[in-house]
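> dropping the sequence and predicted coords here.
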Amino acid sequence: MGEDVEADVVVVGFGVAGACAALEAAEAGAEVVVLDRFGGGGTSRLSGGIVYAGGGTRPQRAAGVTDSVEDVYAYLRAEVGDAVSPATLRRFCADGPAMIDWLEARGVRFGHALAPYKTSYPSRRHHLYYSGSEAAGGFRDLARPAPRGHRPLGRGTSGKVLHAALAAAVRAAGVRILDQTRVTGLISDEGGVRGVECATLRDAPGPARARHRLSARLAAKPGIYLPAAARRLHAIAERVERRHAAPLRVRARSGVVLAAGGFIADREALREHAPRHRGGLPLGTRADDGSGIRLGRSAGGATGKLGNVSVWRFITPPSEFLHGVLVDERGRRVCDESRYGAALGDALVRHHDGRGWLLIDAETRRRAIRSLPRQAVWFQLLQALHLLHRRSVTAPTIAEVAARAGIDPAGLAATARAHDIAAPGADPVGKPAEFVRPLRTPPYTLLDLSIRPSAAYPCPMLTLGGLLVDEDTGAVLDERRRPVPGLHAAGRTAVGLCSNSYISGLSLADCVFSGRRAGRRVLGGGGDRAHG
């Protein structure tokens, strides 16, 4: 098989991480080829498009928000843990304003309309919000809270808007994009990784390419909410690949960047590494099958954090639900309800077998229903209404509603009593006083937040682990923590900022951060340049 294509840098995957790697390399003067199995975008395109940044970004300043790098660092240090070193985290935090400027210089527009209430995702009227647990109990004692979730401006879903702007910048930079090209292996010799072997549809008949493109797009979304339909659609794409894909070898003079996403679509790998995470909705495309991680392993790369999976169980909007009490089947509090939804989901999975209920009273229910139209976007409205009407039980007393839900009545009564009599600022699980209101107006309702398969009230899940990388260069490391020559990784193919704990925007911000790092350093040198 001959060498069909050659470039300085080969990027595998065309989501946000791959796009940022390609941009950095191309802007440094490199000839770059980007390969993507489908049409580009990946999970980035399906996402909410939120980018986490602070320390005084342009949108924060425009909104009158006061923030500092030290506050961002103090908060994220508690969230990130040992996923990255303190030096790397501090570098990311300090780079926040420059990262937003860099994205805006490449066509991404961010608004500064501040969401006036706590929510899992802002309405179309708002583009800056508290996207994590900054204002939750415990965290606000570590650092001054500030809204740091930046949502792009534009029509359509924000993930699509974000990726479209970056993709346009990549094309304008002269990068060659080969979509509908699946990477099947790495080309290596004694000196390291020298390129990739692929199966491509670039010369396939037009109808076959169109069928592959359409089935892949539908399998990604709306197929993400209909897993069985997604599998059937993906099978069509696979049949096209088997029949029409031709071999292609792409040589890399400087190196290869793996940015092919995580492994949420690989059921076998999930059973091996995260067996407790079941019943959720795989948040990703069928290309999030761990192929990038496996490619890195084939070259000797080591992995980490593979058992960490983000489980999203949001209770907002409506923000009134923050006044509720989240309990397990014994009636015990699960955690501070004002925490970010992934923290709630993680607590349910790790300590309560995925089962949980939110206790609210009649007053909270009335306020919640009134606030929904102005707080929720369409999918949030549908999910909240489903929760209120199809996954709830109501009764005149705490004991009766507990019995109807299958919860220990005595345990729930004790929990509700402790919640209601607590002095201001002394909530039993540390929920801030502004989110605490006694639940004393019957009838009472228990909303079933338990994690199980549901198209109407799904629980999205995202893998967080991947290949170990050098935090200064993005080079893939082997088991002895030595760089694998010619191989870098970024985004969810690699261990990064959010590999322990996920909050909205941190994964995409890490894709930008790690993608740019890999794109700079895969060429050799360039690490001393300013990160902005």
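That came through fine.
> residue contacts, the residue lying closest to residue 455 once chain neighbours are set aside?
Leaving aside its chain neighbours, residue 455 sits nearest to residue 225 (5.7 Å; criterion: CB to CB, 6 or more residues apart in numbering). C-beta here means a position set from N, CA and C on the backbone, and glycine is covered the same way. By CB atoms under 8 Å, 6 or more residues apart in numbering, the contact set of residue 225 is 281, 455, 458.
> around the last one, count how many other residues there are.
Residues lying near residue 458 (other CB atoms under 10 Å) number 21.
> same question for the second one.
Other residues near residue 455 come to 10 when the count uses other CB under 10 Å.
> Three-state assignment for it, please.
On the three-state scheme (DSSP: H, G, I helix; E, B strand; the rest coil), residue 455 is labelled coil.
> show me what contacts the closest residue to residue 452 other than its chain neighbours?
Among residues not flanking residue 452 along the chain, residue 279 sits closest, at 4.5 Å (CB to CB, 6+ apart). By CB under 8 Å, 6+ apart, the residues touching residue 279 are 354, 451, 452, 453, 459.
> pLDDT at residue 279, what is it?
pLDDT, residue 279: 78.
> in the top strand by length along the chain, what's buried?
Ranked by residue count under DSSP state E, the longest strand found in the chain is strand 246-258. Neighbour counts over strand 246-258 (16 or more other CB atoms under 10 Å) mark 248, 249, 250, 251, 252, 254, 255, 256, 257, 258 as buried.
> next one: stretch 152-165
By neighbour count on 16+ other CB under 10 Å, the buried set for stretch 152-165 is 152, 154, 157, 158, 159, 160, 161, 162, 163, 164, 165.
> which residues sit against it?
Taking CB under 8 Å, 6+ apart as the rule, stretch 152-165 contacts 15-16, 19, 40-41, 44-51, 103, 106-111, 127, 151, 508.
> buried ones among those?
15-16, 19, 40-41, 44-51, 103, 106-108, 110-111, 127, 151, 508.
> show me where the stretch 401-532 of the chain has its helices.
For the stretch 401-532 of the chain, the helices defined by DSSP state H, counting those that start in this stretch occupy 409-421, 506-521.
> who are the packing partners of the longest one?
Other helices and strands packing on helix 506-521, by 3 or more CB pairs under 8 Å, 6 or more residues apart in numbering; DSSP states H and E, are helix 16-27, strand 51-52, helix 86-94, helix 96-105, strand 246-258, strand 483-489.
> lowest-pLDDT helix or strand in this structure?
Ranked by mean pLDDT, DSSP states H and E, the weakest helix or strand in the chain is strand 281-282, scoring a mean of 88.
> list the buried residues in the helix or strand just after it.
The element immediately downstream of strand 281-282 (helix or strand, assigned by DSSP states H and E) is helix 291-298. Of all the residues in helix 291-298, those buried under the rule 16+ other CB under 10 Å are 291, 292, 293, 294, 295, 296.
> sheet-wise, list the partners of the following helix or strand past helix 291-298 with their directions.
Going down the chain from helix 291-298, the next helix or strand is strand 303-304, by DSSP H and E. Take DSSP bridges as the rule and strand 303-304 pairs in its sheet with strand 466-467 (antiparallel).
> gap between the strand it pairs with and the chain center?
15 Å (CA atoms, centre = their mean, to the nearest Å).
> what's that strand in contact with?
258, 262, 292-293, 296-297, 301-306, 476-477, 489, 492-496, 499.
> pLDDT (mean, whole number) over that strand?
98.
> let me have the buried residues of strand 246-258 in CSV, extended by pLDDT and distance to residue 196.
Listed next are those as CSV, based on pLDDT from 0 to 100; distance: CB to CB, whole Å:
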residue, pLDDT, distance to residue 196
248, 97, 9
249, 97, 8
250, 97, 5
251, 97, 9
252, 97, 7
254, 97, 13
255, 97, 11
256, 98, 6
257, 98, 11
258, 98, 9
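> and which of those is nearest to residue 269?
Comparing these against residue 269 with CB to CB places residue 258 closest, at 16.1 Å.
> sorry, back to before: make CSV out of the buried residues of helix 291-298 and add pLDDT.
Shown next, in CSV, are the buried residues of helix 291-298 (pLDDT from 0 to 100):
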residue, pLDDT
291, 97
292, 98
293, 98
294, 98
295, 98
296, 98
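> follow-up on the earlier one: parallel or antiparallel, list what pairs with the longest strand of the chain.
Short version: by DSSP bridges, strand 246-258 pairs with strand 5-12 (parallel), strand 192-200 (antiparallel), strand 483-489 (parallel).
> so can I have TSV of the helices of the stretch 401-532 of the chain showing distance to residue 73 and mean pLDDT?
Converted to TSV, the helices of the stretch 401-532 of the chain look like this (distance: least, CB to CB, whole Å; pLDDT from 0 to 100):
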stretch	distance to residue 73	mean pLDDT
helix 409-421	33	97
helix 506-521	13	98
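> how about those helices, which one is nearest residue 386?
Comparing these by CB to CB, helix 409-421 comes nearest, at 23.0 Å.
> who are the packing partners of that closest one?
strand 325-327, strand 357-361, helix 398-405.
> out of the ones you listed, which one sits most buried?
Stretch with highest mean neighbour count among these: strand 325-327 (a mean of 27; mean count of other CB atoms under 10 Å).
> what does that one contact?
315, 333-335, 337, 344, 356-360, 407, 411-412, 415-416, 419, 439, 449.
> change it to 7 Å
By CB atoms under 7 Å, 6 or more residues apart in numbering, the residues outside strand 325-327 that reach it are 333-335, 337, 344, 356-359, 407, 412, 415-416, 419, 439.
> any quick PyMOL command for the buried ones out of these?
Of the contacts of strand 325-327, the buried ones can be selected in PyMOL as follows, counting by 16+ other CB under 10 Å:
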select buried, resi 333+334+335+337+344+356+357+358+359+407+412+415+416+419+439
